Structures are given as C-alpha cells and as structure tokens.
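1. With the input below, show me the fold.
(2 chains, ligands or ions: 2)
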Amino acid sequence: MSTLATRVRPVRTTGPRVARSEWAKLWSLRSTWITLGLGLLFLVVVGTIAALQYRSSANSGQPMDPDFAGATTYSLALFGVTFSLIAFGVLGVLTAAGEYTTGMIRSTLAAVPKRLPVLWAKAAVYGALAFVTGAAGALLAFVVSSAVLSSTSVAMSLSDAGVLRGLLGVGVYLGLVGVIGVALGSLLRSTAGGISAVVGAFLLVPGLMSLLPKSWRADLTPYLPSNAGESIFALQHSTGSLSAGAGLLVLLGWTALALAGAAYRLKKADA
Amino acid sequence: MIEARQLTKRYGDKTAVDGVDFTVRPGAVTGFLGPNGAGKSTTMRMIIGLDAPTAGTVTVNGRRYAEHSAPLHEVGALLEARSIHPGRSAFDHLMVLAHTHGIGRARVTEVIEMTGLQAVARKRAGAFSLGMGQRLGIAAALLGDPQTIMLDEPVNGLDPEGVLWIRTLLTGLAAEGRTVFVSSHLMSEMALVADHLIVVGRGRVLADTTVQELVLQAGGDTVDVTTDDPAGLRRVLTGPGVEISGRPGSEQLSVTGLPARAIGLAAARHGIALFELTARTVSLEEAFMELTKDSVEYHAANTLVGAA
Ligand SMILES: Nc1ncnc2c1ncn2[C@@H]1O[C@H](COP(=O)(O)OP(=O)(O)OP(=O)(O)O)[C@@H](O)[C@H]1O
Ligand SMILES: [Mg+2]
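-> Ligands and ions are numbered 1, 2, ... in the order given. Next up is the predicted model:
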C-alpha cells in the first residue's frame, strides 16, 4: 500500500486559513445551530410577546400596567436582548472551552503551534457571526413589533431617528458579548466556569451593585459591561448613563481585558 | 529528524522527563520504549510544543516545532490523550485541520481511505470505537504529508488486522525516507517494526541502541549446559570473569562469561560428557525488563516485594 500517495502542495498556515478553520469548526457542531437559533428566537419571540402584551393592555381601557411606563416600540421590541445575550455568551464559551473539555485543543494547537492566531480567529469569526445574527434578530424583532403596535400611541417605524443605528448597536453588543464568552471560555478552560462567569458579569454583578454605598453606585454602574453595552443601543440617554460611543468604548475595554487574560494563559500554560 | 538536548519537564516536584538527549533519524522506525510513567507521552507533547520544556530544547528538522510555517507538514502526531471533539464527524474533524494549512478536500478523502474510515467518515467521532478513534488520529497525523510521523502507542485498541496495518504503514513510511517515531511499552511489538530503540525509565534514557544490540547487552551471553558431572565441569570452567550457577544435585548449569564453543572444548579436553549445550537467547521482552527493572515506577503488588 502506498502510504502518502499524493504529495500535498506546499502548505502554510496563515491568519485567514486559521479563521477558515474556526468557521468550519463552528458549523460542524450541532450546538452552534441550536444555541444561535435560541439566541435569535429569544430576540424575536420575547420582543413580540412584549409588544402583544402592551397592545392588549393599551386596548383594554384599564389603566396602563406600570411596567410599561415609558415604553416605546423600540424598547418593547428589544425586550429579549438580555435573554439572547445569555445564548450568545454561552455559545462563545462553548466554542472556546469545548476545545479543552473534549481534548480537541491538542489537535488545534498541533496545527497552529503559535497558538495566539487561534484565539484571534475564534474571537473574530464568532464575534462577527454573533454580530450579524444579533443585528438581524433585532431588526426582525423591531419589524414584527412595529407591525403589532402600528395602531397604538407608541407606534414607530424603521425610518425614525436612531432606530437603524440602534438595532445595529444591538448586534455590536451581542457580538462583543460573544467575544467575551470566547475569551472567558478560553481563559477558564471549563464550560461551567465560563458560563458562570458570563452570567455573573452580565446578570449578577448589576444586582450586586445595590450592596455598594449609594455614591459609588452611581459612579460605577454605568461602566459595568451590561450597562455600557445597553448604552450602545439605547435611543434615549438619561443623565446617569454613558453615550453610545462611550458605552462602546467601555465594553471594548472589557472585551480587550478578557482577551488579554485569555491570550496570556494560552501562551504561557501547557495545553 | 528530531533532536532533544537536555530536555527536561517538571510538574511541581515530579520530574517527568529528566535531561534527556536523543536524535531520531529519518529513514528508519525508531521505537520509544519505557514502562508506565517513564515520560514518553510527555516527551512527545514537548516535541510538538503542547507542553513547554522546563529546561533544554527539542527541535524538529532543525527548528522548534512552532517556528515552522507549515507545522502539519513537518510532524504528524498521534497523541495518547483524546484530541477530537466527539460532536464532529471524522470528515469534518479532518477538514477543520486541513483548513489551517490550506489542504484540500481531496487529501482529506485520501487519508480517510488510507485509514479505512470510509464507512464511518460522516458519523460523529464520539460514537467511534477505540480502534476507529485511533485510525482517525492516524488519518489526522498523515494529513499534512509530514516528513516526521510521531505516534504515541498507535496499536492501542486496534484489532490484529489493524496492528498489521500499522506495522506495514510504519515500515512503508520509513522506507520513503521519513522519520518515524513510535512509542510503546510492548517490546515484542517494537521488535517487529523498529530499527532503532530509545528506552526510557523514570524520565531518563536507559538505552539508545538497535534491537540486536539490546538483546546482546541484556545477558545474551549465558549458556545452559547439562552434564553428568556438574561438579567436575564447574572445576574445569572456573576462572576470572566466569560465573556458574546451578541448583545442587541438578545436572544443569548456567554459565556466563564463556562462549558455548569454549565450554564444549574444555569439557571434551577433560572427558566430561555433555547432554546439552545451548547459548541462551534472551527474548526482547526479557531484555527490556532487565534494562528497566530499576526504573519501573508502578509495580504490581506482587513484584513490589521483590523489587523493594
Ligand atoms: N500534566 C501533568 N501533570 C502532572 N504530572 C504529569 C502530567 N503529565 C504527566 N505527568 C507525570 O509525568 C510522568 C510521566 O508521564 P508520561 O505520561 O509521560 O509517561 P508515559 O511514559 O507516557 O507512560 P505510559 O506508558 O503509561 O503512557 C508520570 O509520572 C505522570 O504522572
Ligand atoms: Mg504515555
């Protein structure tokens, strides 16, 4: 038997090739389809349910539910962002930590022994995918909700000021959450640990802020990943919150911090 | 070509590899042998940069593995530990690795055929039997048409047909001029394929030799003699460097330090009749045990008493 029949043409690893490999990794696992689908579903379904609730409450003639005070088509449509954030973050964690829990990392690093290109490629490829899916989901949620609410006093359309930019901002937020998930999964090398860290950072820490003295709370809260992220796509910016640009910068800072930690461990520690 | 120089790996205060020096040359199968925990897998992980050496260096074709621009073209490795995502199909797994080097789909199909995985290539790797998983690992190792092939216990879990296939594969690869480095703790398996042997124990190189030399070294010069006058023969043979043993009352003696020919001639000169005169050939397995007996780390309970 001839062992290695064809001579493989001179091969080389390059950044785009590693990215191509990460892309193939994503789509060859069922968990990608499921989790991404869930993220999309949360965005659209939760937004739609919020819009339907609002409409029936507005049409009932009863006094408006206080939960809906200040609601707009935009805010109702994006009710699902927090839920889908979990899905996008979890998939980021799975993508990175799954390499360690399964042992795949040994094959990956044997192919790319310089290591860091793997982290950059994973973050870029998955971040882009989460961005596109998130923006598409937000757009869909808005379109459905504005149809539901067209006859109410809060009706809005895509052409209203800031709406398209804001929906894109949702994509940016979810894309960065995905990248942070990848970084935390890679840093902690454990699926459970990574998911806990994402949920902690985006859902639990904001709740813990109430333990801080009041004066600190107001100063710190806007800089939390979740608050900074929400500023990116908020249509109205209250006095206590960051502008869209500042929010983006702060969240980028958190992302860079998580990536730096992941890069340090990837480069220094045995696989 | 793999060159290790003073290669050392410590995990905490456990020294897994202890200042190892060796060279694995192209065009031959080099067996890497040692008892459990000798440091074989650790050495192999260091060769492809998965673990960083605590001290010393190891290079592949003159450079550290990570410095090559097409690593999979330099070394194709099958590791001991699972290195596959169970949720991915064999085909997808290979394709993912192929993408990193711009290797085409045709080559993936080719290694799948080479390793006999056609029927299961689209199944999830998590559902593979041990042997199928091993074949997939070997397919991945061959993917980049590597100059050096490094396999950590490749026959693990393979059926007899698979074992035979591996043997043919390894000797074929070496015949093509490639460097083939294979670990095992089964000397008998190595004897069939390896030209050269590197034996390790407790992280140190115990022997760097050929199969024949190893057998010769490990007490290949013992001769069994049976005679009707063991006491007389003892007297005749005794001399410097000669050791004679035998149970009292038994007609059989074991002689080291004299070739069979000299014993036969001496006996004839003194009129001592011999019934049997056999140069004892030590099996490779015995030679290996002899060599590593002081460095076996994990003795079974019954041998622990004797070795302590
Ligand atoms: N990651 C690790 N952390 C701590 N100790 C380790 C690690 N990897 C290996 N060791 C220790 O290093 C020693 C050498 O292990 P290694 O797996 O290299 O041996 P081996 O020769 O491959 O053995 P086997 O024949 O059983 O596969 C062992 O004592 C092992 O316990
Ligand atoms: Mg081993």
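2. ok, then the element right after the longest helix anywhere in chain A?
-> Secondary structure of chain A read by DSSP state H shows that its longest helix is helix A:116-148. Once helix A:116-148 ends, the next helix or strand along the chain (criterion: DSSP states H and E) is helix A:163-188.
3. Just the element for the residue in the stretch 1-150 of chain A that ligand 1 sits nearest to, please.
-> Relative to ligand 1, the nearest point of the stretch 1-150 of chain A is A:Arg106 (12.2 Å; CB to the nearest ligand atom). Every residue, glycine included, has its C-beta placed from N, CA and C. Take DSSP H and E as the rule and A:Arg106 turns out to sit in helix A:104-111.
4. Just the pLDDT for the closest residue in space to the residue of the stretch 1-150 of chain A closest to ligand 1 that isn't next to it in sequence.
-> The shortest distance from A:Arg106 to any non-neighbouring residue, by CB to CB, 6 or more residues apart in numbering or on different chains, is to B:Ser83 (3.9 Å). pLDDT, B:Ser83: 94.
5. I'd like the distance between the residue of the stretch 1-150 of chain A closest to ligand 1 and ligand 2.
-> Using CB to the ion, to the nearest Å, one obtains 13 Å as the distance from A:Arg106 to ligand 2.
6. per-residue confidence for that residue?
-> pLDDT at A:Arg106 comes out at 97.
7. Tell me how many other residues crowd it.
-> Using other CB atoms under 10 Å in any protein chain shown, A:Arg106 is surrounded by 22 other residues.
8. again, but for B:Met150
-> 26.
9. residues of stretch A:195-209 that come out buried?
-> For stretch A:195-209, a neighbour-count test (16 or more other CB atoms under 10 Å in any protein chain shown) marks A:Ile195, A:Ala197, A:Val198, A:Val199, A:Ala201, A:Phe202 as buried.
10. end-to-end on that stretch?
-> 21 Å (CA to CA, to the nearest Å).
11. repeat for stretch B:188-205
-> Counting by CA to CA, the terminal residues of stretch B:188-205 are separated by 19 Å.
12. Ok, stretch B:104-121 next?
-> End-to-end distance for stretch B:104-121, by CA to CA: 16 Å.
13. repeat for stretch A:71-81
-> End-to-end distance for stretch A:71-81, by CA to CA: 15 Å.
14. pLDDT at the residue lying closest to B:Thr222 once chain neighbours are set aside, what is it?
-> Take B:Thr222 and drop its neighbours on the chain: the residue closest to it by CB to CB, 6+ apart is B:Arg280, 4.4 Å away. Here, the pLDDT recorded for B:Arg280 equals 75.
15. Could you measure from B:Arg280 over to B:Leu291?
-> Noted for B:Arg280: a distance of 17 Å to B:Leu291, by CB to CB, to the nearest Å.
16. which one of those two has more residues nearby?
-> Taking neighbours as other CB under 10 Å, B:Arg280 and B:Leu291 compare with B:Leu291 leading, 21 against 15.
17. you'd agree the more buried one is up against B:Leu206?
-> Yes. Under the criterion of CB atoms under 8 Å, B:Leu291 makes contact with B:Leu206 at 5.4 Å.
18. So, low pLDDT: which residues of the chain?
-> No chain in the question, so chain A it is. Filtered on pLDDT under 70, chain A yields the residue ranges A:1-10.
19. that's the wrong chain, I meant chain B
-> Applying pLDDT under 70 to chain B picks out residues B:215-220, B:282-283, B:297-308.
20. CA-only coordinates of the longest helix along it, as CSV, when you get a sec.
-> Looking across chain B with DSSP H, the single longest helix is helix B:160-175. C-alpha atoms of helix B:160-175 as CSV (Å, rounded to 0.1, in the frame of the first residue of the first chain):
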residue,chain,number,x,y,z
PRO,B,160,-5.0,-7.8,14.8
GLU,B,161,-5.7,-6.6,11.3
GLY,B,162,-5.2,-3.0,12.4
VAL,B,163,-2.0,-3.9,14.2
LEU,B,164,-0.7,-5.5,11.0
TRP,B,165,-1.8,-2.5,9.0
ILE,B,166,0.1,-0.1,11.4
ARG,B,167,3.3,-2.2,11.0
THR,B,168,3.1,-2.0,7.2
LEU,B,169,2.3,1.7,7.4
LEU,B,170,5.3,2.4,9.6
THR,B,171,7.9,0.5,7.7
GLY,B,172,6.5,1.9,4.5
LEU,B,173,6.8,5.5,5.8
ALA,B,174,10.4,4.8,6.9
ALA,B,175,11.2,3.3,3.5
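21. So is that helix next to chain A?
-> Yes. Legend: contact between helix B:160-175 and chain A by CB under 8 Å from any CB of the partner chain is shown at B:Thr168, B:Leu169, B:Gly172, B:Leu173.
22. got a list of contacts for the helix or strand hosting B:Val225?
-> Following DSSP H and E, one finds B:Val225 within strand B:222-227. With contacts defined as CB atoms under 8 Å, 6 or more residues apart in numbering or on different chains, strand B:222-227 is touched by B:233, B:251-256, B:258-260, B:263, B:267, B:272-280, B:282.
23. Pull up the pairing partners for that strand, direction included.
-> Using DSSP bridges, strand B:222-227 pairs in its sheet with strand B:252-256 (antiparallel), strand B:274-279 (antiparallel).
24. what's the closest of those strands to B:Gly144?
-> strand B:274-279 (47.4 Å; CB to CB).
25. helix or strand right after the closest one?
-> helix B:284-292.
26. Who are the packing partners of that following helix?
-> The elements that helix B:284-292 packs onto, with contact taken as 3 or more CB pairs under 8 Å, 6 or more residues apart in numbering or on different chains; DSSP states H and E, are helix B:187-193, strand B:196-201, strand B:204-210, helix B:211-217.
27. how about that helix: buried residues?
-> With burial defined by 16+ other CB under 10 Å, the residues of helix B:284-292 counted as buried are B:Leu284, B:Glu286, B:Ala287, B:Phe288, B:Leu291, B:Thr292.
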